[in-house]
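J.: task: produce atomic coordinates for the following.
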Amino acid sequence: MRYFGVLICTHALFFAGVTVAQQRPTLTTHVPEAVSSGVAPLVGHLPGTQRLSMAISLPLRNEAELDALLRELYDPQSPSHRQYLSVEEFTERFGPVESDYLAVMNFARANGLAVVDTAANRMVLDVEGPAANIESAFHVSLSLYQHPTEARTFYAPDREPTPDLGVPLLHISGLDNFTLPRAKNIKPSEKPSIEESATSNKATGSGPGGQFIGSDMRAAYYGGTLKGAGQSVGLFEFAGYEISDVNLFFKNVKQTLTVPIKGVSLNGASLNCPPSTCDDSEQALDIEMAISMAPALKEVVVYVGNSDVSIFNRMAVDNTSKQLSCSWGWSDNESSLDPIFKEMATQGQTVFVATGDNGSSTPANVVWPADDPYITAVGGTDLTTTGPGGAWKSETGWNGSAGMPSKNKVPIPSYQKLAGVINPLNRGSNNYRNIPDVAAEANTNQYSCYDGFCSGGNGGTSYAAPQWAGLTAMANQQSIAGGGKALGFLNPLIYDIGVGASYHKDFHDITSGSNGKYSAVTGYDLVTGWGSPDGPNLIDALVAAAKTD
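T.: I've put the predicted structure just below:
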């Protein structure tokens, strides 16, 4: 993977005065290394009639100014502290200009591509059309190749796209399917690639056989009276869901479901996921866990699409959910996602992403986008409570918790440069982004309903990310009820707490357990980050630190 965020501003300024259409490359790369290196054997040519969906990303304007604003928004000493922007304000200052966006729309239509969706921030344009038209528009040849590590073929361009367009393009998502998105959950029929620590004999959950259910997580990590009232949680999904599975879960655990669940379809994706043709285990558990942690949410919004760029951009443009959760991983789109995550941070949104379930050996194309600097990366733990529905008792680092310095070579962010965060004990990197930031229960001792049935033995960091989203909804409830604002991007707050005097009161510092290469140690580590939340104490600390007066 290549990290291009620092180049966007320079390139955008260079192209700002160009008004005539001419052949020029995009600001990012699109040819998979397996193709450019010749590792993937050529199989044939993609049929010209095959229709493809693509998301065309335009670069930000004034990105140096945006970066300065982000520092001010999260600096308690700045007059701009927590003075978030609206979508309209962000677009006016940093989004592509309207004439450039219209030029891309006209370019797409002139080349036989249908405009499927537009975005209010003008950062993404969704189009679709026959492969032959795409090849002609972008001056590429789309060929089929044998995947070097998977039993399938994939399509990809043979060269970098060079559209005849007088405005810059950041990235064109959908020109290849070399990497398919993967859900970061484990089902009992699946055997993880690393040996699991047996924990079923602990039997401290409220579900069948002592399995954990979502309300156990609420009791262990919170135990207070907040329930997320007035707050919305947004969920990122690559497939639809069956509401009957969610209803079955709450019926079986004898809890009332009152939170409205709203589906948002992008790129024509189906909001349904019938068991005969679709697996909704990830989608259902995300909904179940978010609601279980915050059972009085205003709503859960499930965004379903087939383009990661389009899904995240819609989450930013809607700007209704201040806490967002993603439990999927894929590769090589940081160049087009990073600007969207920056917009979310300026709008007071925070995004939790599960790190993965194969420990320190989790590949980069599964970890991403957890190692983006504007993401709160969530690892996994192995929790023990005092009994069914009981309080937190003890916790160790889960051996499946993906944690490491960024394999995508994402530079270390400023919040990880605070004194004491990276040290010889945790073996973190002083050069690259380290993950995770925080953690929560993820071992394979959880009860969930999906695909038309219910079972125990589920797990994965997929369970941990929506737990944190639900907890943050309660923190935002408290902040707003007290006259404050949404907490926004959490990492500056979390790391300040981590190096501060109240750390051991606000977090469970997990000091045992390993994910293979790295061990859980005192303070920050590459298995559990700063650890799991110590309920009301952490919420009080976050709300106090986020105050602007």
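
J.: can you give me the strands for the stretch 201-350 of the chain?
T.: For the stretch 201-350 of the chain, applying DSSP state E, counting those that start in this stretch gives strands covering 232-237, 261-265, 299-304, 323-326, 328-329, 350-354.

J.: could I get those strands as CSV with mean pLDDT, distance to Tyr450 and mean neighbour count?
T.: For the C-beta atoms, the positions are set from N, CA and C on the backbone; glycine is no exception. Formatted as CSV, those follow (pLDDT from 0 to 100; distance: least, CB to CB, whole Å; neighbours: other CB atoms under 10 Å):
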stretch, mean pLDDT, distance to Tyr450, mean neighbour count
strand 232-237, 98, 13, 27
strand 261-265, 97, 14, 17
strand 299-304, 98, 14, 22
strand 323-326, 98, 16, 29
strand 328-329, 94, 15, 26
strand 350-354, 98, 16, 30
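
J.: quick one: the residue lying closest to Ile213 once chain neighbours are set aside from Leu248, how far?
T.: In this structure, Ile213 finds its nearest non-sequential neighbour in Gly207, 4.4 Å apart by CB to CB, 6 or more residues apart in numbering. Distance from Gly207 to Leu248, counting by CB to CB, to the nearest Å: 13 Å.

J.: neighbour-wise, which of those two wins?
T.: Using other CB atoms under 10 Å as the criterion, Gly207 and Leu248 rank with Gly207 on top: 23 against 18.

J.: contacts only, for the more buried one.
T.: With contact set as CB atoms under 8 Å, 6 or more residues apart in numbering, Gly207 has these partners: Ile213, Asp216, Val253, Gln446, Tyr447, Gly456.

J.: ok, and the most crowded of the residues you listed?
T.: The residue in those with the most neighbours, by other CB under 10 Å, is Gln446 (28 neighbours).

J.: am I right that that one is in contact with Gly459?
T.: Yes: contact criterion CB atoms under 8 Å: Gln446 and Gly459 qualify, at 5.6 Å.

J.: now the host helix or strand of Ala64: how far from the chain's centre is it?
T.: Assessed by DSSP states H and E, Ala64 sits inside helix 63-73. Chain-centre distance of helix 63-73: 22 Å, with CA atoms, centre = their mean, to the nearest Å.

J.: buried set for it?
T.: Residues Glu63, Leu66, Leu69, Leu70, Leu73 are the ones in helix 63-73 that count as buried (16 or more other CB atoms under 10 Å).

J.: follow-up on the earlier one: return the distance of the residue nearest to Ile213 relative to Gly459.
T.: 13 Å.

J.: list the residues that contact both of these two?
T.: Residues touching both Gly207 and Gly459 (CB under 8 Å, 6+ apart): Gln446.

J.: average model confidence for the longest strand anywhere in the chain?
T.: Ordering each strand of the chain by length in residues (DSSP state E) puts strand 376-385 first. For strand 376-385, mean pLDDT is 97.

J.: one more: stretch 331-346?
T.: 85.

J.: can I get the CA coordinates of that stretch in PDB?
T.: Extracted C-alpha coordinates of stretch 331-346, given in PDB (Å, rounded to 0.1, in the frame of the first residue of the first chain):
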ATOM      1  CA  SER A 331      -6.700  -3.000   0.900                       C
ATOM      2  CA  ASP A 332      -5.200   0.000  -0.800                       C
ATOM      3  CA  ASN A 333      -7.700   2.800  -0.600                       C
ATOM      4  CA  GLU A 334      -6.200   5.000   2.100                       C
ATOM      5  CA  SER A 335      -5.500   7.600  -0.600                       C
ATOM      6  CA  SER A 336      -9.200   8.200  -1.200                       C
ATOM      7  CA  LEU A 337     -10.600   7.400   2.300                       C
ATOM      8  CA  ASP A 338      -8.200   9.600   4.400                       C
ATOM      9  CA  PRO A 339      -9.800  12.900   3.200                       C
ATOM     10  CA  ILE A 340     -13.300  11.500   4.100                       C
ATOM     11  CA  PHE A 341     -12.000  10.600   7.600                       C
ATOM     12  CA  LYS A 342     -10.600  14.100   7.900                       C
ATOM     13  CA  GLU A 343     -14.000  15.600   7.100                       C
ATOM     14  CA  MET A 344     -15.600  13.400   9.700                       C
ATOM     15  CA  ALA A 345     -13.200  14.700  12.300                       C
ATOM     16  CA  THR A 346     -14.000  18.300  11.400                       C
END
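
J.: which parts of that stretch are buried?
T.: So for stretch 331-346, counting by 16+ other CB under 10 Å, buried means 331-346.

J.: ditto for stretch 446-464
T.: For stretch 446-464, by 16+ other CB under 10 Å, it's 446-451, 454-464.

J.: ok so, going back, can you list the helices and strands that the helix holding Ala64 packs against?
T.: helix 8-15, helix 87-94, helix 334-346 (3 or more CB pairs under 8 Å, 6 or more residues apart in numbering; DSSP states H and E).

J.: about what we covered before: widest-spaced pair of the buried residues of helix 63-73?
T.: Glu63 and Leu73 (15.0 Å; CB to CB).

J.: starting at the chain centroid, how far to the helix or strand hosting Glu135?
T.: Using DSSP H and E, Glu135 sits in helix 131-138. Centroid displacement of helix 131-138 relative to its chain, using CA atoms, centre = their mean, is 31 Å.

J.: from Ser143, how far out is the spatially closest residue to Leu418 that is not a sequence neighbour?
T.: Closest residue to Leu418 in three dimensions, ignoring its sequence neighbours and counting by CB to CB, 6+ apart: Val499, at 5.1 Å. With the distance defined as CB to CB, Val499 ends up 51 Å from Ser143.

J.: can you check Gly240 too?
T.: 31 Å.

J.: go on, Gly205?
T.: 50 Å.

J.: and the residue nearest to His139 when sequence neighbours are not counted, how many neighbours does it have?
T.: Among residues not flanking His139 along the chain, Thr162 sits closest, at 4.9 Å (CB to CB, 6+ apart). Thr162 is flanked by 14 other residues according to other CB under 10 Å.

J.: was I right about Thr162 contacting Ala137?
T.: No: with contact defined as CB under 8 Å, Thr162 does not count as touching Ala137 (10.2 Å).

J.: so in the chain, where's the weakest helix or strand by average pLDDT?
T.: None of the helices or strands of the chain scores lower by mean pLDDT, DSSP states H and E than helix 8-15, at a mean of 35.

J.: next structured bit after that one?
T.: Using DSSP H and E, the next helix or strand after helix 8-15 towards the C-terminus is helix 33-36.
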